[in-house]
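Colleague: Provide a 3D model corresponding to the input given below.
(2 chains)
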2 protein chains.
Amino acid sequence: MPGPLDGLKVLDLSRFIAGPHCGMMLGDLGADVVKVERPRRGDDTRALEPHVEGESLYFMVFNRNKRSITLNFRDPRAHGLLREMVKQADVLIENFRPGTMEKMGCGWDDLHAINPRLIMARISGYGQQGSMAAEPCFDGIAQATSGLMEITGDPDGPPTMGGTFLVDYATALYASIGILAAVEHRHKTGKGQMVDASLMGSAVSMLVTAIPEQAMLGRAMSRVGNRDRYSAPAQTFRAADGVWLHMVAGNDAHFPRLTRIMKRPDLLEDPRFATLEARMRNIPAIEAVVGEWIAGLPADEVVALLRQAELPAARIATLPDLLANPYMREARQIVETQHPKAGTVTTHGLTVRLSDTPGEIRHPAPMLGQHTDEVLGEWLGMTPSDVGALRDDGTV
Amino acid sequence: MPGPLDGLKVLDLSRFIAGPHCGMMLGDLGADVVKVERPRRGDDTRALEPHVEGESLYFMVFNRNKRSITLNFRDPRAHGLLREMVKQADVLIENFRPGTMEKMGCGWDDLHAINPRLIMARISGYGQQGSMAAEPCFDGIAQATSGLMEITGDPDGPPTMGGTFLVDYATALYASIGILAAVEHRHKTGKGQMVDASLMGSAVSMLVTAIPEQAMLGRAMSRVGNRDRYSAPAQTFRAADGVWLHMVAGNDAHFPRLTRIMKRPDLLEDPRFATLEARMRNIPAIEAVVGEWIAGLPADEVVALLRQAELPAARIATLPDLLANPYMREARQIVETQHPKAGTVTTHGLTVRLSDTPGEIRHPAPMLGQHTDEVLGEWLGMTPSDVGALRDDGTV
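Modeller: Model prediction:
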């Protein structure tokens, strides 16, 4: 299936998650993404457990729809090869520590001079400039520094990290947006530009009202467990069979429907619960009433009743539950691809779908250097013996 | 400052977070975003607490760089006005329940026929098609159903919701990517397409290796608290002064540096800790050693030592800490804008930065219907008295 970015040529020098997920987004949408890795070890995440037939699941999850070539950046000839490839690229993605590309003669000024149409996406912890630019950063540090950890978890427990690398994912998506916006702008000017995406900026962008509440009202947002911050009741409860479920019936459109299926019209007359404003002042009380009702029924029955009333509700899925959920296959949110070594690989599907050019999973994550000959042939006109000589020298 | 999307005309019919954050991204990048709201109440989030001078902070956070007009969709003349505006729009964003736009004569087929260049972004819980399409969904439901709640929180505690609406945010970003990819494709064909972004697909895309681990190895990912899943030690600890900090020193490049600043070269000789693989089999033991060291020093001293060794580390910021962090101002991650009623509004800055066309915060979130006259004049050539007549009829 064609993708909307067919023909876009991307060099992806990035490692870990934020860069690779960005490159994969472009590849999922049809771009020709060439992942550039170190010879022998490649992206550090190739070493991360678990492996299947020697291939890291972690690497597979962030690198489908890419081809892999190797370049040894300790060898200045590799810098030259990269600059040759840049002449033909639309986009370059990197997430080295700021300054690293400059040391290779491949900073923004260098690459922009070689190819004024190039868009260079630079992903870092704190952005490319300023007093913190050189500091190392990971997702967890960004969650800690931004306040995201402070506002996650039980009010009586410690600050809690998200169970996934939510800042890395968000940064990958913001970088993708920046790249595509730069592609659009290039149609007007013929010129590429530098896209600066940071973990810290991405983390800070996801704080809902925490920043203005603190700055304008002096109110410090903190942890509320699984409660919605803006409506009640919206909470996680445990049903009679011990199964956890999450339900949302907090706003004034929802709450009357909840009282109907609970057969508790009296709650709508109760001044503690009649309006959203009142319920927000009496959260423990309304949660106690709803929790008691749910504790008397099996989870599936509660969820069915709530859904019949068009109230959002769901069991809290374990991973086996997720894989068994027929919706996930029907909607192609979970799909299979074939990997030459690892066999059938199960991953998430294409996330955003375009009606005319949906794109497809054209290939699973590449093996290290699988496409060095092919890509250097296509992009630079090199023959197999040219590439063989570079390989003998340790340049690729 | 010019933005890369200057000139792009966007109609944003969406409410809550996932749609509005998408529209705001386009506006931050320069697009002319017109938010279309119901007369009188507008977006439901205008009613959410807290308010400053009657303006909801929640609404402000997701709707800067937009203009607001009102259209009463209970009046078929409003559907006609919307269709007239669609003739001139590049992008329409909506997150009604699937089927709602069709009932207004504004489904994809209708709008595509009116303006073949239109890109229509549809945001929903489960996607536009399939057995679940009509089900209501919110961020928390997607966190529950996708497994994100199952993998968040303490291993001995309950499934935990992220402290922010991470699925809403991710969906907004995926939708933005889909829109911009469709804009790019339109340069080749002259035709727009429909972009389908779902909370559930976005949630499932952020599970790291959980899906292949379950499907290929039968291993159910669960909660690990604040621990990194793939390296050790990388964890949250409490320092001697009671302050929480997060540190990452788990991989084989990092760990030797940690042992140096701990003055514990013996750890590198210890077969339990010498390699990443060994440490992953002895996580409680290595965390106990590191935790004991940290518990003997004030947090700032630990963080300084770790940073001197180029190891990622940070205090876990509270909201007052975040607002006081000089980096946030220096890097313009937190900025001020002036609102005509609410005064100085403090929010996150522009998240992704482009070197030539960075865009800017041109205006804060609009008041309800603030730009109805202006926009209907510009887009449809209406006079103030035309709009006045529509207003008298309750159409706008």
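Colleague: quick one: A:Leu148 from chain B, how far?
Modeller: To chain B, A:Leu148 is 6 Å away according to CB to the nearest CB, to the nearest Å. (Glycine included, C-beta is placed from N, CA and C.)
Colleague: Next: A:Gly19.
Modeller: Distance, A:Gly19 to chain B, using CB to the nearest CB: 14 Å.
Colleague: burial of that residue, as a residue count?
Modeller: Neighbour count of A:Gly19, defined by other CB atoms under 10 Å in any protein chain shown: 28.
Colleague: Could I get the contacting residues of it?
Modeller: A:12-13, A:93-95, A:123, A:172, A:175 (CB atoms under 8 Å, 6 or more residues apart in numbering or on different chains).
Colleague: Repeat the analysis, applying 6 Å as the threshold.
Modeller: A:93, A:95, A:123 (CB atoms under 6 Å, 6 or more residues apart in numbering or on different chains).
Colleague: Show the model's pLDDT score for it.
Modeller: At A:Gly19, the model reports a pLDDT of 98.
Colleague: if I've got this straight, it is in a helix?
Modeller: Yes: assessed with DSSP: H, G, I helix; E, B strand; the rest coil, A:Gly19 lies in a helix.
Colleague: what separates the residue nearest to it when sequence neighbours are not counted from A:Ile177, distance-wise?
Modeller: Nearest residue to A:Gly19 in three dimensions, chain neighbours excluded: A:Asn95, at 3.9 Å (CB to CB, 6 or more residues apart in numbering or on different chains). From A:Asn95 over to A:Ile177 the distance is 16 Å, taken as CB to CB, to the nearest Å.
Colleague: Which residues does whichever strand or helix holds A:His79 contact?
Modeller: Using DSSP states H and E, A:His79 maps to helix A:76-86. Contact with helix A:76-86 is made by A:71-72, A:104-105, A:111, A:114-115, A:118, A:379-380, A:395, as judged by CB under 6 Å, 6+ apart.
Colleague: any residue of the helix or strand following it up close to chain B?
Modeller: Downstream of helix A:76-86, the next assigned helix or strand under DSSP H and E is strand A:91-94. No: on the criterion CB under 6 Å from any CB of the partner chain, strand A:91-94 is out of touch with chain B, staying 11.6 Å away.
Colleague: tell me which residues of strand A:91-94 are tucked away?
Modeller: The neighbour-count check on strand A:91-94 (16 or more other CB atoms under 10 Å in any protein chain shown) flags A:91-94 as buried.
Colleague: With stretch A:320-340 instead?
Modeller: For stretch A:320-340, the neighbour count (16+ other CB under 10 Å) marks A:321-323, A:325, A:327-328, A:331-335, A:337, A:339 as buried.
Colleague: could the residues you listed be laid out in CSV, adding distance to chain B and secondary structure?
Modeller: Converted to CSV, these look like this (distance: CB to the nearest CB, whole Å; DSSP: H, G, I helix; E, B strand; the rest coil):
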residue, distance to chain B, secondary structure
A:Asp321, 8, helix
A:Leu322, 4, helix
A:Leu323, 5, helix
A:Asn325, 7, coil
A:Tyr327, 5, helix
A:Met328, 7, helix
A:Ala331, 5, coil
A:Arg332, 9, coil
A:Gln333, 5, coil
A:Ile334, 6, strand
A:Val335, 10, strand
A:Thr337, 10, strand
A:His339, 10, strand
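Colleague: between those residues, which is closest to B:Pro159?
Modeller: When the buried residues of stretch A:320-340 are compared for distance to B:Pro159 (CB to CB), A:Asp321 wins out at 11.3 Å.
Colleague: domains in chain A, as residue ranges please.
Modeller: As assigned by automatic domain parsing, chain A contains the domains A:9-206+A:327-392, A:234-238+A:244-315.
Colleague: now check the last one, is it near chain B?
Modeller: Yes: part of domain A:234-238+A:244-315 sits near chain B under the criterion CB under 6 Å from any CB, namely A:244, A:246, A:248, A:310, A:312, A:314.
Colleague: Any quick ChimeraX command for the buried ones out of these?
Modeller: Selection of buried members from the residues of domain A:234-238+A:244-315 next to chain B for ChimeraX, criterion 16+ other CB under 10 Å:
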select /A:244,246,248,312,314
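Colleague: Mind putting the residues of domain A:234-238+A:244-315 next to chain B into a markdown table with secondary structure, distance to A:Gly192 and pLDDT?
Modeller: Formatted as a markdown table, those follow (DSSP: H, G, I helix; E, B strand; the rest coil; distance: CB to CB, whole Å; pLDDT from 0 to 100):
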| residue | secondary structure | distance to A:Gly192 | pLDDT |
| --- | --- | --- | --- |
| A:Trp244 | strand | 49 | 97 |
| A:His246 | strand | 45 | 98 |
| A:Val248 | strand | 44 | 96 |
| A:Glu310 | coil | 48 | 94 |
| A:Pro312 | coil | 43 | 95 |
| A:Ala314 | strand | 44 | 97 |
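Colleague: Of all pairs in the residues of domain A:234-238+A:244-315 next to chain B, which one is the farthest apart?
Modeller: A:Trp244 and A:Glu310 (21.7 Å).
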